[in-house]
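> Predicted model follows, preceded by the sequence.
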Amino acid sequence: MLTKRIIPCLDVKDGRTVKGVRFEGLRDAGDPVALASRYAREGADELVFLDITATNQKRATLVALVRDVARELDIPFTVGGGIGTISDVEALLMNGADKVSINSAALARPELIDELAARFGSQCIVVAADARFNDADGWQVYTRAGTNNTGRDAVQWCREAADRGAGEILLTSMSNDGTKDGFALDITGAVSRAVTIPVIASGGAGSKQDFTNVFQQAQADAGLAASIFHFGEIGIRELKEHLRRDGIPMRL
């Protein structure tokens, strides 16, 4: 059985790591370079860096900051935010990113997934899907940092992204994000069953048991979290030891 992964996420705005609840009410969580270094030392399996205002403010991702973070890491490093072209991806991969995460641009022009996978290989391409539940339509995909409902069904979109060549799905439940009430097991499980590529679960982690649940009940391949790590509520090593005791394969 493949080992499951624990992935801290750096949501970056104006050069600082921030964290909110359901994508709102952002508060400062520290220097991204220092946090990246700490997580690599503590045993994180990978790191995700999301420039959360890049798409809204229509500017390129902060390549210099990505380079500084990458220097601190000896683990795989995924970068997202404002990525829409082959040249965007080239710039990030040349400056230390191992993978890129695309979101709004892929929904606007799904062929971008095919093009990037053909050029760089599926192993470099993560498609991020931000999903929110509503009673009328179920789980829908949102863009523009959660401000725009695309009207697309989350499971169908993730399946299309996989078919087009994505190497991983980064699935964030906006309904759970920052709440610490647990991952959205229903949509995570539905996407995991619908695709054959790894699914990273994001949004809602508040306890060690939440990770056990998302691995055992929703078949996620990785669990991503931010605030519980940034603010020292759960240590990565203690989390992994807990998961191992629960029978979940972990790299220690």
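Cool, got the structure. Numbering: from 1, shown residues only.

> where does the protein dip in pLDDT?
The model of the chain has pLDDT under 70 over residues 1, 19-27, 54-61, 145.

> What are the boundaries of the strands in it?
5-13, 16-21, 24-30, 47-51, 77-80, 99-102, 125-134, 138-143, 148-153, 168-173, 199-202, 222-225 (DSSP state E).

> for the ones you listed, which one sits closest to Ala117?
strand 125-134 (5.2 Å; C-beta to C-beta). Quick note: C-beta positions are derived from backbone N, CA and C, even for glycine.

> neighbours around Gly232, how many?
Residue crowding around Gly232 was assessed by other C-beta atoms under 10 Å; the count is 8.

> That one and Ile169: what is the separation?
29 Å (C-beta to C-beta, to the nearest Å).

> Excluding covalently adjacent residues, which one is nearest to Val89?
For Val89, ignoring the flanking residues on the chain, the nearest one in space by C-beta to C-beta, 6 or more residues apart in numbering is Val100 at 5.1 Å.

> Mind listing the residues bridging to the one you found?
Residues in a beta bridge with Val100, per DSSP bridges, are Val79, Ile125.

> what separates Pro198 from Ile248, distance-wise?
With C-beta to C-beta as the criterion, Pro198 and Ile248 are 15 Å apart.

> what sits opposite the residue nearest to the spatial centre of the chain in the beta ladder?
Residue closest to the average C-alpha location in the chain (C-alpha atoms, centre = their mean): Leu170, at 4.6 Å. Following DSSP bridges, Leu170 is listed with bridge partners Ala128, Ile200.

> heads up, I number from 452, so please use that
That works, and once the first residue is 452, the last one we named lands at Leu621.

> isn't it right next to Ile576, touching?
No: contact between Leu621 and Ile576 fails when scored by C-beta atoms under 8 Å: they sit 10.9 Å apart.

> among the strands of the chain, which is nearest Val520?
strand 498-502 (6.0 Å).

> Excluding chain neighbours, what is closest to Asp697?
Thr663 (4.7 Å).

> From the structure, what's the count of residues near the one you found?
18.

> And for Pro700?
There are 11 residues near Pro700, going by other C-beta under 10 Å.
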